[in-house]
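# give me a model of this one.
(one chain, ligands or ions: 1)
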Amino acid sequence: MPTPPSPTTISIPDLRAAVHGTVIAPDDPGYDEARTVFIGGIDRRPAVIVRVADATDVGTVIGLARETGLDLAVRSGGHSSVGHCVVEGGIVLDLADMKALDIDVEGRTAWAETGLTAAEFSTAAWSHGLAIGFGDTGSVGIGGITTGGGVGYLVRKFGLTIDDLLAAEVVTADGELLRVDADHHRDLFWAIRGGGGNFGVATRFQYRLREIPAFVGGMLMLPATAEVVAGFIAAAEAAPEGLSTIANVMPCPPMPFVAEEHHGKLIILALLAHAGETEAAGQEALAPFRDLAPPLADMLKPMPYPEIYPPDDESYHPLAITKTMFVEQIDLPVAKTIIEHLEASDAAMRVAQLRVLGGAMARVPADATAFAHRGSRIMVNVATFYEGPDDKGRRTAWVNGLASALQQDDYGAYVNFLGDEGEDRIRAAYPGSTWDRLAEIKARYDPTNLFRLNQNIPPAGGAQGADR
Ligand SMILES: Cc1cc2nc3c(=O)[nH]c(=O)nc-3n(C[C@H](O)[C@H](O)[C@H](O)COP(=O)(O)OP(=O)(O)OC[C@H]3O[C@@H](n4cnc5c(N)ncnc54)[C@H](O)[C@@H]3O)c2cc1C
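Residues are numbered from 1 along each chain as shown. As a prediction, this is how the structure comes out:
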């Protein structure tokens, strides 16, 4: 095992005395657990992990990074697909202990500390019949998903997570705690809605909450032929906006409730979510999907909204290669391409995840927030698991091959699903004037690029500290 980096520039006792939260050093019990992130294959050993307790601690840790010059990783739910939330030899600012949630039921708003996960927030809000959309996985942190945009089960009904963001409290690179909203630091408020962790550490978000009188949804499993895949997309596009769908075209896992003869065969593992006034409206919206083919499993039902999140398994750390993109259409020829590529791989898990967008998300002007892909029609995430260095090359080639075969005219990318893919792809996440505007705001709030462990937008005019 490699020797942990020695925190020569950090006095752990002084740091412990300076913060209200918990300081975890390399020889402390719990260090290995604290540096573990969701995605597998990442084994970085930070000099120190600080589980901050409040915004003052956040300022202290940012100050420490400034003074020592050590790299600073910011962590909320730890689900960064490239492990931006942990850093070799540097400082991890971990918000996981900041979970205060203050729900104003009458006013339909909530102030939430950013250590909460999507499921924790959603479960608490739903106890009042209220909700907002995050993503498809409950253990994702609200810190990362909100700052990137947030595309989830309610995207067509209510838009992105950021479309329900009313205000935030952000500690900037100089340690100052700012309230940002439509009237205060409007430029920063624009930037943190899609610009990721580039501009500061959000300690609290204020969200608008939505009422959902009847939620109907869950998992529907269909056999995946090209006809069924194309039919699914057509049905999702024709569906009322109350319905958002996620279709995972993939080999059938050995699930006990599916007959063994289907295991390993291509299926659509679909998650459907209808938020509406009545259960009957939900059932009506779901019916066309049930009619596409005899379902292999049908778990669609009225349910509390947070139940749509699959159960979490904390020991699950997949080795995965992913590529995100947008496409305009998935007709029969495109569906055939997807099926052919999936059939050509023998990876234990490979998937083309298809998400029809539109609805409320598309009604927000493209320049209203730093998420500029309002007109994008369908998001596709191609992913595969790999076993280790021996098969990583060919699994990566498979992902790139399917992504190239699917490329149409929309060259955009959603920042929260980007891998470690270089500046061109980060620019694809921030097309046109979005990039320039973000770089200019970055230059004002973080001129030395202190917040650089992210899908980085360097400050306009060049960063003094970018290469440290
Ligand atoms: C299994 C899985 C499913 C996913 N599904 C979806 C989905 O359906 N929809 C979707 O939109 N996204 C989805 N994502 C992507 C997810 O939104 C991003 O990976 C997001 O960054 C994770 O947030 P986190 O707080 O858990 O991650 P972390 O790794 O803790 O943070 C990631 C980065 O976000 C920034 N950040 C985090 N917290 C803060 C904060 N408080 N202030 C400022 N910056 C911060 C930092 O730059 C940090 O490095 C999924 C990811 C995974 C792994």
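
# where along the stretch 151-300 of the chain do the strands fall?
With strands called from DSSP state E, counting those that start in this stretch, the stretch 151-300 of the chain shows them at 165-171, 177-181, 201-208, 210-211, 214-223, 243-251, 266-276, 297-298.

# no no, the stretch 351-468 of the chain
Assigned by DSSP E, counting those that start in this stretch, the stretch 351-468 of the chain shows strands spanning 378-385.

# the strands of the stretch 151-300 of the chain: which one's closest to P318?
Between P318 and the strands of the stretch 151-300 of the chain, the shortest gap by CB to CB is with strand 243-251, which sits at 13.1 Å. C-betas here are computed from N, CA, C, even on glycine.

# in its sheet, what does the closest one sit against?
If you go by DSSP bridges, strand 243-251 pairs up with strand 266-276 (antiparallel), strand 350-356 (antiparallel).

# and of these, who's closest to the ligand?
The ligand sits nearest to strand 350-356 of all these, at 8.0 Å, using CB to the nearest ligand atom.

# what does the closest one contact?
151, 155-156, 229, 232-233, 236-237, 244-251, 330, 338, 341-342, 377-385, 398, 402, 406 (CB atoms under 8 Å, 6 or more residues apart in numbering).

# among those residues, which are within reach of the ligand?
Contacts with the ligand within those, counted by CB under 6 Å from any ligand atom: V151.

# can you say which of the contacts of strand 350-356 are buried?
Neighbour-count burial (16 or more other CB atoms under 10 Å) applied to these gives 151, 155-156, 229, 232-233, 236, 244-251, 330, 338, 341-342, 377-385, 398, 402, 406.

# ok, the residue nearest the centre of the chain to A55 distance?
Ranked by distance to the mean C-alpha position of the chain (CA atoms, centre = their mean), the top residue is I145 at 4.3 Å. According to CB to CB, to the nearest Å, I145 and A55 sit 20 Å apart.

# do T9 as well
From T9 to A55 the distance is 24 Å (CB to CB).

# so which of the two has more stuff around it?
Set T9 next to A55 and count neighbours by other CB atoms under 10 Å: A55 wins out with 18 against 12.

# quick check: residues of this structure near the ligand?
Residues of the chain found near the ligand (CB under 6 Å from any ligand atom) are 38, 74-81, 84-85, 95, 114, 135-137, 140-141, 143-145, 147-152, 196-197, 201-202, 416-417, 453-454.

# just the ones of the residues you listed in helices?
G143, G144, I145, T147, G148 (DSSP state H).

# and these, which are buried?
The neighbour-count test (16+ other CB under 10 Å) marks G143, G144, I145, T147, G148 as buried among those.

# report the separation between the first one and A18.
In this structure, G143 lies at 23 Å from A18, with CB to CB as the measure.

# now do G148
Distance from G148 to A18, by CB to CB: 31 Å.

# which parts of stretch 200-210 are buried?
Neighbour-count burial for stretch 200-210 flags G200, V201, A202, T203, R204, F205, Q206, Y207, L209, R210 (criterion: 16+ other CB under 10 Å).

# tally of neighbours for S433?
For S433, the count of nearby residues is 11 (other CB under 10 Å).

# wait, isn't it in contact with D367?
Yes. At 7.3 Å, S433 counts as touching D367 under the criterion of CB atoms under 8 Å.

# shaky segments in this structure?
Where the chain drops to pLDDT under 70, the residues are 1-8, 463-468.

# hmm, who's touching the helix ranked longest in it?
Longest helix in the chain, counting residues (DSSP H): helix 389-406. By CB under 8 Å, 6+ apart, the surrounding residues in contact with helix 389-406 are 321-323, 325, 327, 334, 337-338, 341-342, 344-345, 347, 350, 352, 380, 382-386.

# residues contacting I246?
Contact partners of I246, counting by CB under 8 Å, 6+ apart, are D136, Y153, A270, L271, Q353, L354, R355.

# tell me, how many residues neighbour the second one?
Neighbours of Y153 under the rule other CB under 10 Å: 27.

# gap between it and V216?
Y153 sits 12 Å away from V216 when distances are taken as CB to CB.

# what of the fourth one?
Remark: distance between L271 and V216 (CB to CB) = 12 Å.

# can you check R108 too?
Noted for R108: a distance of 22 Å to V216, by CB to CB.

# these two: which is more packed in?
Neighbour count, other CB under 10 Å: between R108 and V216, V216 has more, with 24 against 15.

# give me the neighbour count for the residue nearest to that one when sequence neighbours are not counted.
In space, V216 comes closest to G282 once its chain neighbours are excluded; the distance is 2.9 Å by CB to CB, 6 or more residues apart in numbering. Burial of G282, expressed as a neighbour count using other CB under 10 Å, amounts to 25.

# ok, now which ones touch G282?
Contacts for G282 (CB under 8 Å, 6+ apart) come out as A214, F215, V216, G217, G242, L243, H274, G276, P302.

# now do the nearest residue in space to the fourth one that is not next to it in sequence against D163, distance only.
Going back to what we said before, that points to G217. Spatial nearest neighbour of G217, excluding adjacent residues (CB to CB, 6+ apart): A273 at 4.0 Å. Per CB to CB, A273 is found 16 Å from D163.

# those two: which has the busier surroundings?
Higher neighbour count among A273 and D163: A273, with 29 against 23, using other CB under 10 Å.

# surely W126 is in contact with Y309?
No. The pair W126 / Y309 is not scored as a contact, 11.0 Å apart, by CB under 8 Å.

# more crowded one of those two?
Neighbours per residue (other CB under 10 Å) separate W126 from Y309, with Y309 holding more: 22 against 17.

# check whether the more buried one really touches V140, as I assumed.
No. Shown here, Y309 and V140 do not form a contact pair, counting by CB under 8 Å, at 9.4 Å.

# overlap in contacts of those two?
Counting by CB under 8 Å, 6+ apart, the common neighbours of Y309 and V140 are A118.
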